[in-house]
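Chemist: no sequence on this one, just coordinates:
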């Protein structure tokens, strides 16, 4: 599968995950024929996470986002947008990032991307825990499927007014259910965030106000066209103000054991969670999965999972502060296996320059100035 890329600047905003269900209505397959408008081969882009680091200093979480926008297929070509969002606080800076993704075409499988935007408001230092119900009308190629999963296809978190420093972030989706009466999927987005800021750059009122955009990808199949397995992995570590932590030291190889007899395996993310010992300025965020090996004969897949929150790096600008701390990052990784599919594992590296509040940027980071859109194309079909 050949991928062609083209970079643009455009507005955007936020997030995604995955879960499996075995619906009771699958027993009615014989009585409810597959819709005639459904296609035998469908295509999608699966988000595998991202890495972002600032250039000059660590910052409050004004904006952090990376996701796959909509996909459009015409003939044998599909196009889509990779969107990244980043904004610092008072001081301007340049964010450098890499997005990891997989282009995929599969037979007997349907794909449906979507997104929702939520408002998260509360008090500094207190946990904000929300559940949001999502009801998504099923497209023709996702109806009457006996296996369906929902993948996290990215997110975007931006401060509506003053930015805070993160202490806890969790994103998760519940298992979807299908309602045959109105042909729709239902699931719940679970969000937890704790943020605070008692340092000099933060002024009253002591409130937290973020917008969260979650992107998801619904994947459905019949029979043995697809098999899925998932596993949760956690990474815990500490740091001081003398020895720098590095991503290569926290990157771990992980194994998932699927079913034998599936020639193609694809890795995806299902959930993400970060827990810090206290609120911290952030220099780098990493949460991505890269394939290392896959055996269609045994169904065993090996991936490299990078999970890291980095508070400081040497040589930051004057005024940037180092703080010791500890972190636990958790991700659920899913291995999707296909009988007939073509996939391409890709990545794209880019940057965003944010002027900062002192440089004339708006105090809120939910503007188009804080996003970059990169357009890609790939050849669909088997």
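Modeler: Yep, that arrived. Computed from a predicted model, the values in this text were never measured in an experiment.
Chemist: Now residue 285: closest residue in space that isn't a chain neighbour?
Modeler: The shortest distance from residue 285 to any non-neighbouring residue, by Cβ to Cβ, 6 or more residues apart in numbering, is to residue 52 (5.3 Å). (Each C-beta comes from the backbone N, C-alpha and C, glycine too.)
Chemist: Parallel or antiparallel, which strands does whichever strand or helix holds the one you found pair with?
Modeler: Take DSSP states H and E as the rule and residue 52 turns out to sit in strand 41-54. Pairing partners of strand 41-54, with direction, according to DSSP bridges: strand 93-107 (antiparallel), strand 284-294 (antiparallel).
Chemist: which of those strands sits most buried?
Modeler: Comparing those by mean neighbour count (mean count of other Cβ atoms under 10 Å), strand 93-107 ranks first with a mean of 22.
Chemist: got the buried residues for the helix or strand just after that strand?
Modeler: The element immediately downstream of strand 93-107 (helix or strand, assigned by DSSP H and E) is strand 109-123. Residues of strand 109-123 classed as buried by neighbour count (16 or more other Cβ atoms under 10 Å): 109, 110, 111, 112, 113, 114, 115, 116, 118, 120, 122.
Chemist: same check, this time on stretch 73-88
Modeler: Applying a neighbour-count criterion of 16+ other Cβ under 10 Å, one finds 73, 78, 79, 80, 81, 82, 83, 84, 85, 86, 87, 88 buried in stretch 73-88.
Chemist: Now, those residues that are in strands?
Modeler: Within these, membership in strands is found for 73, 78, 79, 80, 81, 82, 83, 84, 85, 86, 87, as judged by DSSP state E.
Chemist: pLDDT weak spots in the stretch 251-382 of the chain?
Modeler: The stretch 251-382 of the chain contains residues with pLDDT under 70 at 361-364.
Chemist: Could you find the closest non-adjacent residue to the residue sitting nearest the centre point of the chain?
Modeler: In the chain, the centroid-proximal residue (Cα atoms, centre = their mean) is residue 154; its distance is 2.7 Å. Distances taken as Cβ to Cβ, 6+ apart put residue 67 closest to residue 154, at 2.3 Å, once the chain neighbours are dropped.
Chemist: and that neighbour, backbone torsions?
Modeler: With angles defined as degrees, to the nearest 10, residue 67 shows backbone torsions of phi -160, psi 170.
Chemist: what's across from residue 336 in the sheet?
Modeler: When bridges are called by DSSP bridges, residue 336 pairs up with residue 228, residue 266.
Chemist: cool, and the one 10 residues further on?
Modeler: Beta-bridge pairing of residue 346, defined through DSSP bridges, involves residue 101.
Chemist: Next, find the distance separating it from residue 310.
Modeler: Taking Cβ to Cβ, to the nearest Å as the criterion, residue 346 is separated from residue 310 by 25 Å.
Chemist: So which of the two has more stuff around it?
Modeler: Neighbours of residue 346 and residue 310, each counted by other Cβ atoms under 10 Å, are more numerous for residue 310; the result is 21 against 18.
Chemist: The residue lying closest to the more buried one once chain neighbours are set aside and residue 125: what is the separation?
Modeler: Nearest-residue entry for residue 310: residue 284, 3.8 Å, with adjacent residues in sequence omitted and distances by Cβ to Cβ, 6+ apart. To residue 125, residue 284 is 24 Å away according to Cβ to Cβ.
Chemist: Could you do residue 174 as well?
Modeler: Summarising the geometry, the distance separating residue 174 from residue 125, computed by Cβ to Cβ, is 28 Å.
Chemist: returning to what we had before: so for the strand holding residue 52, mean pLDDT?
Modeler: Summarised as a single mean, pLDDT over strand 41-54 is 96.
Chemist: same question, stretch 189-206
Modeler: Here stretch 189-206 scores 91 as its mean pLDDT.
Chemist: 50 is where my numbering starts, stick with that
Modeler: OK, 50 is where the count begins now, so the last one is stretch 238-255.
Chemist: Straight-line length of it, end to end?
Modeler: 26 Å (Cα to Cα, to the nearest Å).
Chemist: Return the set of buried residues in it.
Modeler: Neighbour-count burial for stretch 238-255, counted by 16+ other Cβ under 10 Å, picks out 238, 239, 240, 241, 242, 243, 244, 245, 246, 250, 251.
Chemist: That one: how far from the chain's middle?
Modeler: Here stretch 238-255 shows a centroid-to-chain-centroid distance of 22 Å under the convention Cα atoms, centre = their mean, to the nearest Å.
Chemist: quick one: the helices in the chain?
Modeler: With DSSP state H applied, the chain shows helices at 296-299, listed in chain order.
Chemist: and residue 326, how many residues sit next to it?
Modeler: 13.
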